[in-house]
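Enquirer: The sequence and its predicted three-dimensional model are supplied below.
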Amino acid sequence: MTTAWWLGLGLGTVIGGAYGAASFLNARYAVRQTGSRFLYLVVGGMIARLGAALALAALVLLLTPAHRPAFVVSLLTMLALGLTAEVIFFHRR
């Protein structure tokens, strides 16, 4: 395993983990709101997080020597874990 492989794995994990953390913080704030404000915060937060993750992923793929498959797999894995945690959080509320 080369340095590029570890770089791809690390960057994908960091970006995906930051996405999950932002998702959790947004969900905690949105749950305290009522009615349509809750919906705006959840959907708007999701669009903002996805846009930021897409922009960061594009920058990583274009500007770093990261191993692309390792980056994509680790990013998608972390995004799936974050989404699962968000669904569980909202389901319990």
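Expert: That came through fine.

Enquirer: Can you tell me the SS state at the residue nearest the centre of the chain?
Expert: Centroid-nearest residue in the chain: Tyr19, 2.6 Å away (criterion: C-alpha atoms, centre = their mean). Of the three states, Tyr19 takes helix according to DSSP: H, G, I helix; E, B strand; the rest coil.

Enquirer: per-residue pLDDT, it?
Expert: According to the per-residue confidence, Tyr19 scores 95 in pLDDT.

Enquirer: just checking, it touches Leu81?
Expert: No - Tyr19 is not in contact with Leu81 according to C-beta atoms under 8 Å; the separation is 9.8 Å. In this view, the C-beta of every residue, glycine as well, is placed from N, C-alpha and C.

Enquirer: Now do the helices in the protein.
Expert: Remark: helices of the chain, listed N- to C-terminal, are 3-31, 35-63, 68-92; assignment by DSSP state H.

Enquirer: Single out the most deeply packed of the ones you listed.
Expert: helix 3-31 (a mean of 17; mean count of other C-beta atoms under 10 Å).
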